[in-house]
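# Based on what follows, work out the 3D shape:
(2 chains)
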Number of protein chains: 2
Amino acid sequence: MTTTPPRTLLTEMFKAAVASAQPALCVPPHLPAPPKGRTVVVGAGKAAASMAKAVEDHWSGPLSGLVVTRYGHHVPCERIAVVEASHPVPDAAGENAARRILEIAGGLGPDDLMLCLISGGGSALLALPAPGITMADKQAVSKALLRSGANITEMNCVRKHLSAIKGGRLAAATQARVVSLVISDVPGDDLSVIASGPTVPDPTSYADALGVLEKYRIDPPKAVMDHLLAGRDESPKPGDPRLARTSTVLVATPQMALERAAEVARRAGITPVILGNALEGESREVALVHAGIVRQVAGHGQPAPKPCVLLSGGETTVTVRGQGRGGRNAEFLLALTVALDGLPNVHALAADTDGIDGTEDNAGALLSPDTLSRAAALGVSAKERLADNDGYSFFQALDDLLVTGPTLTNVNDFRAVLVL
Amino acid sequence: MTTTPPRTLLTEMFKAAVASAQPALCVPPHLPAPPKGRTVVVGAGKAAASMAKAVEDHWSGPLSGLVVTRYGHHVPCERIAVVEASHPVPDAAGENAARRILEIAGGLGPDDLMLCLISGGGSALLALPAPGITMADKQAVSKALLRSGANITEMNCVRKHLSAIKGGRLAAATQARVVSLVISDVPGDDLSVIASGPTVPDPTSYADALGVLEKYRIDPPKAVMDHLLAGRDESPKPGDPRLARTSTVLVATPQMALERAAEVARRAGITPVILGNALEGESREVALVHAGIVRQVAGHGQPAPKPCVLLSGGETTVTVRGQGRGGRNAEFLLALTVALDGLPNVHALAADTDGIDGTEDNAGALLSPDTLSRAAALGVSAKERLADNDGYSFFQALDDLLVTGPTLTNVNDFRAVLVL
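The predicted model follows:
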């Protein structure tokens, strides 16, 4: 086994996971051959600007285009225009950008190439209501859907039928060859879900969208109902000839990030156990389950013998009841601290691969076997901090926050629990 | 791979798990050789009567004794008296039985054998306050400890120092050789925790107990404080000569039950993945984590390739918000139904090995890939039933409850999720 300190090893795993999704590293290997005609880059998402920069840095021929990213996620590009817009609630800047991108797509010919750079957040950043519908109409329906208990597939079905650009409409709007490079932050990497699939066929119909509204007894604004009933300009279905020259490549996914971290572990003589790339659940409860598995490893060498590392991705949730600070990763790790109760030989890291845990300035935090005792020595109670949803302050007091700054990419959360 | 129907296979795994803890099967192999003198049987716990019956059925020589079990858990014995008492709140019947058991222990000589049958629930069933303390005093302290955030080790430290029988005092009270046969339902199978360890050395002291009360600022009744300060009749410590002739055997544990189920899986060509024998957490959140792992198996063959079965034990919890019926296993399975959303090739069983899921008449329930669609066909919404904590009604409507009746043993919950 390795002699690398556990904390260094965990940090190396996290760095490897993030590196797997860094546009500068994951985009260039998937760039297509230059076309006979023009090449334009369009795109949307939190990683859109850094993906555009990666294209610029590795593209030999002429290049132009426009991508939209979140406020604060700007990266200077020379040939591709980068605009910033609001996320998660769309704003006029995003709507404007979406309109311009559709115009760009419409202006291309069969010899041209449209490179489409898609990443998480693209759905809100690339919001353009269908003709006759206002952004306010769309948002009213979105809110009603969120409250209704409709699942993500049902919500997307409706959204795609209220949009001028989603559900494959962007790809259908151009005569150019379309290559989409996608960084996934969604469970299952469903291409029609990531940024609502602007270049991917949409198997659902206007009738399906009406069915969802009826099922959940949602009474939409009149303009929305008129639009759905009119059923004009249906989204391209699988096999639609307008999408025949469209290809899509997943350049980074939560699974790839975990596999990269697993390689780091293996090289260090540690057995990686990938529990899931899309774990969900209340952070503190997910921590309890992790603690249970850790004890099984420690006591019975199951599901894998020591030394091993439990790896997982996906997005946990925090039901805020206290007044404290911290994102879901700090909360997970604080709950794990309490649950492990000082169990020896267990180290852990939990962090968001985008470098921002919730709304704080840390990516996540680190846990050691002595976390609880060091906290106690400082007069800090893990249980009390957990009751106050105050993971940030807890790990800050111990100087155990993991701070990376925004990574300008996102393949969701990363958790690694090392049992030596 | 096996051709056994998935549901039959899951049921066989559960049966094997329960069988591993059936006193009739797990007690006889561990019975010691008869002594020169008398043999008496004492004991407490939910399985005490069925354990006593197992001893009677396999003991050749003369036998007498007294065990105390929970109301409704009586099993007719011929030579061993069986009394019933209240659980989880102790009552006078239990106090009386504890006093008689101490008297029996005190009446034995060096040539005699005291067989001590211990199982979950024994702590409440064998409650006997130390001299000078009333049951009400003890309960006041117990309640304050539960509210204080003290951990189980700290609570047991105090409890053992307010008891006349716990913390090794029962074994210390006899000159006989003592053999304890224990069925564990606690995480980690800590012998000093199961039934508060009446025959196991207690490493904690009166000073420790006072320290716990001080740490959590608990102001106990005067009689309790007087007793702790007096510090008379300290519990036997590890190495205490009074416990030199005491031995303890774990005859059934959650881990043994899972291993037995794993054997059934292996014989059917299914890879068993034991996640933990003591998983904790809110049932519906534990289900979400299971769903995440299931999708990882289905999509990536991790942490094990298909076909495999995720096995776990331990006790989840339900925070009741609705008006529905059902225990934690029905709740887990209903949440898993919602989370899997009809995922094909996944079957599951969750049940309490004692045969009673919460306070209902079922042990648990079964899930199939078509659970959601069959429910929908009946007009039953899984999401609505989950919101109402109504797992029992949901699975009852589908005729998918698992009903075994009380098994008269308990190695906690059993969950098996089969991914084909």
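
# Next, the buried residues of stretch A:222-240.
A:A223, A:V224, A:H227, A:L228, A:S235, A:P236, A:D240 (16 or more other C-beta atoms under 10 Å in any protein chain shown). Using the backbone N, CA and C atoms, a C-beta is placed for each residue, glycine as well.

# Quick one: name the residues of chain A near chain B.
Of all the residues in chain A, those in contact range of chain B (C-beta under 8 Å from any C-beta of the partner chain) are A:149, A:151, A:187-188, A:255, A:273-282, A:285-286, A:288-289, A:291-293, A:295-296, A:299-300, A:302-304, A:312, A:314, A:339, A:341, A:383.

# now do 6 Å
Counting by C-beta under 6 Å from any C-beta of the partner chain, chain A comes close to chain B at A:149, A:273-276, A:278-282, A:285-286, A:288-289, A:292-293, A:296, A:302-303, A:383.

# Sitting in strands, which of those residues do you find?
Of the residues of chain A next to chain B, the ones assigned to strands by DSSP state E are A:V273, A:I274, A:L275, A:G276.

# burial measure for A:V380, as a count.
For A:V380, the neighbour count with other C-beta atoms under 10 Å in any protein chain shown is 18.

# cool, the one 4 residues further on as well?
Other residues within reach of A:E384 by the criterion other C-beta under 10 Å amount to 13.

# next one: A:P34
Neighbour number of A:P34 under other C-beta under 10 Å is 14.

# likewise A:M51?
A:M51: 33 neighbours (other C-beta under 10 Å).

# again, but for A:P406
Close neighbours of A:P406, defined as other C-beta under 10 Å, add up to 17.

# What segments of chain A are strands?
Secondary structure of chain A (DSSP E): strands located at A:39-44, A:64-70, A:81-85, A:113-118, A:177-183, A:246-252, A:271-276, A:308-314, A:346-352, A:364-367, A:401-402, A:413-419.

# hmm, back to that, let's see which of the residues of chain A next to chain B end up in helices.
In this view, those that belong to helices under DSSP state H are A:E285, A:V286, A:L288, A:V289, A:G292, A:I293, A:Q296, A:K383.

# Return the member of the residues you listed nearest to B:V417.
Among those, A:V289 lies closest to B:V417 (C-beta to C-beta), at 13.1 Å.

# how far away is the residue nearest to A:L213 when sequence neighbours are not counted from chain B?
Counting by C-beta to C-beta, 6 or more residues apart in numbering or on different chains, A:L213 lies nearest to A:P220, which is 6.0 Å off, once chain neighbours are set aside. Per C-beta to the nearest C-beta, to the nearest Å, A:P220 is found 22 Å from chain B.

# With A:G107 instead?
Applying C-beta to the nearest C-beta to A:G107 and chain B gives a distance of 39 Å.

# got the phi/psi numbers for that residue?
phi -90, psi 0 (degrees, to the nearest 10).

# What is the burial count for the closest residue to A:A173 other than its chain neighbours?
Spatially, and ignoring its direct neighbours in sequence, A:A173 is nearest to A:A105 (4.5 Å; C-beta to C-beta, 6+ apart). Applying other C-beta under 10 Å, we find 25 residues neighbouring A:A105.

# quick one, what contacts A:A105?
A:A105 sits next to A:L170, A:A173, A:T174 when contact means C-beta atoms under 6 Å, 6 or more residues apart in numbering or on different chains.

# hang on, the last one packs against A:L113?
Which is A:T174. No - judged on C-beta atoms under 6 Å, A:T174 makes no contact with A:L113 at a distance of 10.0 Å.

# rewinding a little: any chance of the ones in strands among the residues of chain A next to chain B in TSV, with neighbour count and pLDDT too?
Listed next are these as TSV, based on neighbours: other C-beta atoms under 10 Å in any protein chain shown; pLDDT from 0 to 100:
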residue	neighbour count	pLDDT
A:V273	22	98
A:I274	21	98
A:L275	26	98
A:G276	28	98
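
# from these, which single one is nearest A:G122?
Looking across these and measuring by C-beta to C-beta, the closest to A:G122 is A:G276, at 23.9 Å.

# residues near the residue nearest to A:L213, how many?
Neighbour tally, A:P220, other C-beta under 10 Å: 22.

# how about the nearest residue to A:E280, chain neighbours excluded?
B:L288 (4.9 Å).

# Could you report the neighbour count for the residue nearest to A:A97 when sequence neighbours are not counted?
Using C-beta to C-beta, 6+ apart and skipping residues adjacent in sequence, the residue nearest A:A97 is A:V68, 3.9 Å away. Using other C-beta under 10 Å, A:V68 has 31 other residues around it.

# Repeat that for the one 3 residues further on.
Taking other C-beta under 10 Å as the criterion, the count of residues near A:Y71 is 12.

# A:L63 too?
A:L63 has 19 neighbouring residues, counting by other C-beta under 10 Å.

# Touching, it and A:R79? I think so.
Yes - if you go by C-beta under 6 Å, A:L63 and A:R79 touch, sitting 4.6 Å apart.

# out of everything not next to it in sequence, what's closest to the closest residue to chain B within the stretch 1-150 of chain A?
Nearest to chain B, among the residues of the stretch 1-150 of chain A, is A:G149, at 5.7 Å (C-beta to the nearest C-beta). For A:G149, ignoring the flanking residues on the chain, the nearest one in space by C-beta to C-beta, 6+ apart is B:K383 at 5.7 Å.

# Which pLDDT value belongs to that neighbour?
Per-residue pLDDT puts B:K383 at 93.

# just the contacts of A:A105 now: which is nearest chain B?
For those, the nearest to chain B is A:L170 (27.5 Å; C-beta to the nearest C-beta).

# Next, work out how far apart that closest one and A:D202 are.
Applying C-beta to C-beta, to the nearest Å, the value for A:L170 to A:D202 is 11 Å.

# Could you point out which residue ranges in the stretch 301-420 of chain A have low pLDDT?
For the stretch 301-420 of chain A, no stretch has pLDDT under 70.

# check contacts around the residue of it found nearest chain B.
Proximity of the stretch 301-420 of chain A to chain B (C-beta to the nearest C-beta) peaks at A:Q302, 4.3 Å away. Taking C-beta under 6 Å, 6+ apart, we find A:Q302 in contact with A:Q296, B:I274.

# what does A:R242 give?
A:R242 touches A:A172, A:P236, counting by C-beta under 6 Å, 6+ apart.

# ok, now which ones touch A:L275?
Applying C-beta under 6 Å, 6+ apart, the residues near A:L275 are A:L310, A:S312, B:I293.

# Would you confirm that the second one contacts A:A416?
Think A:S312. No - the criterion here is C-beta under 6 Å, and A:S312 misses it with A:A416 at 8.2 Å.

# now the residue of chain A most remote from its centre: how far from B:R217?
Residue farthest from the centre of chain A, counting by C-alpha atoms, centre = their mean, is A:A377 at 37.9 Å. Distance of A:A377 to B:R217, given as C-beta to C-beta: 20 Å.

# just A:S205 next, same as before
Taking C-beta to C-beta, one finds A:S205 at 65 Å from B:R217.

# swap in A:G292?
Applying C-beta to C-beta to A:G292 and B:R217 gives a distance of 31 Å.
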